[in-house]
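1. would you be able to build a 3D model of this:
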Amino acid sequence: HKLYPMHRPLISHLNLTISQARQLHGLRQFIPKYNGAVHLESFDSPQSSPTSIISSVGQQSHLIPVTIPVEHSTSQHQMYLVLENVLPTFSKPCIMDIKFGTQTYEPDAPEEKQHREAMKYPEQKQFGFRLVGMRLYDPDQSILKRRFHDVVEHPEYVQYDDVTKYVTVSKHFARALHDLDDVSHAVEAFFMDGAADHETTRRNEGAVEEILNDLKRIEEWFRRNDSFGFYASSILFVREGDTNKVAAHGRQTRTALIDLGRIRLQDGGDDGYLLGLKIL
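-> Numbering: from 1, shown residues only. Down below sits the predicted model:
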């Protein structure tokens, strides 16, 4: 489960018409399930820490207690949503986070914030999305050596964990991708399975097909969308990195819309988000 503070406007507080509610309902298969809310009184007490509380909320073995506060808060009374963790069904989950839209700030945000957000990745206005980061299972380091060999000496860009066998690609690497060819090369790494000879990688065509089908369904929803703007929202892509598990199961990926705290009613929909879907 993950925790998110409730101090931001939520979908349920948007005072939707029946038509708007039905329209938003069309994304339900891509939104992590809502599992209630918990009251967090303080960050100081171990008994009331987010991790402790979530551990008591979900005791099933397939649930992984993870805490991701959107903003640090010193408030003595903080309410959190409990959302589904989308990773437990994967043995070696590979994840990729892509933030969509031509801007991450809301239209009424202060000018200082607008400028700060725009400068994080100016190309987002042109591409309609930006890669936030990736975490890839790479037991033989073939993906690391073949795909990230030119930045492997820059730990602020790419790191390899010899214990977990994962490559972590940071936001700093992602923000250094200034043209679509570079972005495409990086995104393609997400779909690569390492090879034992350290010299080649194989593209997982099954994962590509599944995620493309998901993106087509999401794009179709945004084509019809005429009521909602999505700001600072991401799509989390997950695929199975254990090739043995892939062979034993059917679907090997999951696509989830996350960071939905800044959805707002907006005439005309969200052309910036739709642009990113088309280009990706």
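
2. what does the longest helix along the chain rub up against?
-> Criterion DSSP state H: the longest helix present in the chain is helix 205-224. The contact list for helix 205-224, computed with C-beta atoms under 8 Å, 6 or more residues apart in numbering, reads 23, 26-27, 30, 191, 235, 237, 239-240, 246, 251-253, 255, 257, 269-270, 273-274, 277-278, 280. In this view, the C-beta of every residue, glycine as well, is placed from N, C-alpha and C.

3. again with stretch 111-122
-> Here stretch 111-122 makes contact (C-beta under 8 Å, 6+ apart) with 103, 104, 105, 109, 124, 125, 130, 174, 175.

4. strands - which of these land there?
-> Among these, the members found in strands (DSSP state E) are residue 130.

5. out of the contacts of stretch 111-122, who's nearest residue 93?
-> Using C-beta to C-beta, residue 174 comes nearest to residue 93 of those, at 18.9 Å.

6. show me the contacts for the closest residue to residue 106 other than its chain neighbours.
-> Leaving out its chain neighbours, the residue that sits closest to residue 106 by C-beta to C-beta, 6 or more residues apart in numbering is residue 231, at 5.0 Å. Taking C-beta under 8 Å, 6+ apart, we find residue 231 in contact with 101, 103, 104, 105, 106, 262, 263, 264.

7. could you rerun that using 10 Å?
-> Residues near residue 231 by C-beta atoms under 10 Å, 6 or more residues apart in numbering: 99-101, 103-107, 109, 117, 259-264, 266, 270, 272-273.

8. give me the buried entries from those residues.
-> 99-101, 103-105, 109, 117, 259-264, 266, 270, 272-273 (16 or more other C-beta atoms under 10 Å).

9. sitting in strands, which of these do you find?
-> 99, 100, 263, 264.
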